[in-house]
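>>> Compute the structure for the input listed below.
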Amino acid sequence: MKRLILLVIVITSLPLAIAAQTTQEDVSEIMKTLSADEMKGRKVFTPHIEEAADFIAEKFSEFGLQTLDEEDDYLQEFHMESISLENSRITVDGKALDTDNFFVLASNRNIRWSENAQTDVKSIPTGADFRSEFSNLNQLEEDLIVFVDPTHSDMFQRYRPYFSRPNRSFSGESQHDKVFIMAEEPENFSISLDKNVEQLTLANVAGKIEGKRKDEIVLFSAHYDHIGVVQPVEGDSIANGANDNASGTTAVIELAGYFSQQPQPERTLLFVAFTAEEAGGYGSKYFSRQLHPDNIVAMFNIEMIGKPFTGKPNSAWITGFEKSSFGKLLQKSTEGMDYTFLPDPYPNQNLFYRSDNATLARLGVPAHSISTTPIDVDPDYHRVTDEIETVDLQHITDTINAIARAAEGIISGEHTPTRVDRSMVN
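Numbering: from 1, shown residues only. Here you go, the predicted model:
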């Protein structure tokens, strides 16, 4: 009888051993490559992010992943336009304005407008809520001229630097011009804008393991871009992005390697490294348009797992925990493990909407980001000190193993998270 009990104990403990498939050595090798100085911080629209994409694709090839149905290789390329003002002149009641007094959300067309044009004219009057008014006007699918009362000067100047940057949009996408001018609504005006349009190419890196239920998809993702070369600090100008987000990308690579060695899964597994998260989430936006969101059962978006959470070292937190049953299912799948999944401890920071999961969540997918970093006290976020020396490689390893274990119930079809209520997503 004692032998039988011992055998039962050994068998029931096997899932914990099996889950520990990733080693610190594996993690270290990938992290060192992605966060190396030679990658120059993996900024979009530079040759260095292409080097990172090629490295991830090589790993997917080593694991024998399939490419996505419509792709010839692991690079899911797409095209964008970067639109900036080349020449601009705006006059209000005969007075020329300097560039501090206007910004443009630009299409790729040159424009010549005046008070006699057919373009709709709106205003943000004194006493209005600037943020709310701007948001509502920005969502309108039409060309607009918006005069902003000078009492909103402070808010206008906060918005102007961001919206004065080149406007990026998908090639062929319907676009509109919205011109925001800080001035009382005049009797007459003229707007002359010449645009410079640059064609750009970006690429997600994607591979799959087709499941028995091929149209039921479990998605593992992370963004592989970072912010590149920045203002030097003590002679160092490379924001290596080890935690943000070489750590998450390493997790996706390691999970792809692990599941490629297992029997065919019940559900199809997609492994995607998104581009341009730091530049506006364009990689995940493009990806979301290439397949039906109802086919995605769950999205594990892995973001900044390089540092243990303060006071809870063996844990990860999940954004938007209350928006689906995803988090509770992960908790159930890891019962008995020395690792826990917790709700997002920073609800006031709106993190559910600040990573690539948000695009899919807005379509109803149980799409959540998994992170561990104590971002309220992290001294390295978006700085040159975000290097491999400032992350915890063993913690990354433990977190990857925990995610693999937590995903088992969803991959097998035993668990299916509830859908996100689209009406409750911003």
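>>> all contacts plus neighbour counts: C-alpha atoms, from now on.
Fine.
>>> So for the residue lying closest to Gly409 once chain neighbours are set aside, what's the pLDDT?
Nearest residue to Gly409, sequence neighbours excluded (CA to CA, 6 or more residues apart in numbering): His415, at 5.2 Å. pLDDT, His415: 98.
>>> And for Ser247?
For Ser247, pLDDT reads 98.
>>> Look up the closest residue to the residue sitting nearest the centre point of the chain, ignoring the ones flanking it.
For the chain, the residue nearest the mean C-alpha position is Asp356 (2.8 Å; CA atoms, centre = their mean). Spatial nearest neighbour of Asp356, chain neighbours left out: Ser284 (5.7 Å); criterion: CA to CA, 6+ apart.
>>> The one you found falls within a helix, correct?
Yes. Under DSSP: H, G, I helix; E, B strand; the rest coil, Ser284 sits within a helix.
>>> The residue nearest to Gly409 and Arg213, how far apart?
14 Å (CA to CA, to the nearest Å).
>>> List the contacts of Phe300.
Val218, Leu219, Phe220, Ser221, Ala367, His368, Ser369, Ile370 (CA atoms under 8 Å, 6 or more residues apart in numbering).
>>> out of these, who has the most neighbours?
Within those, most neighbours by other CA atoms under 10 Å means Ala367, with 32 neighbours.
>>> what about whatever helix or strand Phe156 lives in, average pLDDT?
Using DSSP states H and E, Phe156 sits in helix 153-163. For helix 153-163, the mean pLDDT works out to 96.
>>> can you pull the buried residues of that helix?
Phe156, Arg160 (16 or more other CA atoms under 10 Å).
>>> go on, stretch 300-312?
Buried, per 16+ other CA under 10 Å, within stretch 300-312: Phe300, Asn301, Ile302, Glu303, Met304, Ile305, Gly306, Lys307, Pro308, Phe309.
>>> Quick one: end-to-end length of that stretch, please.
End to end - CA to CA - stretch 300-312 spans 21 Å.
>>> Outside of the lengthiest helix in the chain itself, list whatever touches it.
If you go by DSSP state H, the chain has its longest helix at helix 393-412. Helix 393-412 is touched from outside by 15-16, 19-24, 27-28, 218, 247, 251, 254-255, 265-269, 298, 305-308, 313-316, 329-334, 339, 415-417, with contacts defined as CA under 8 Å, 6+ apart.
>>> chain center to that helix, what's the gap?
20 Å (CA atoms, centre = their mean, to the nearest Å).
>>> How about stretch 100-110?
For stretch 100-110, the distance to the chain centre is 26 Å (CA atoms, centre = their mean).
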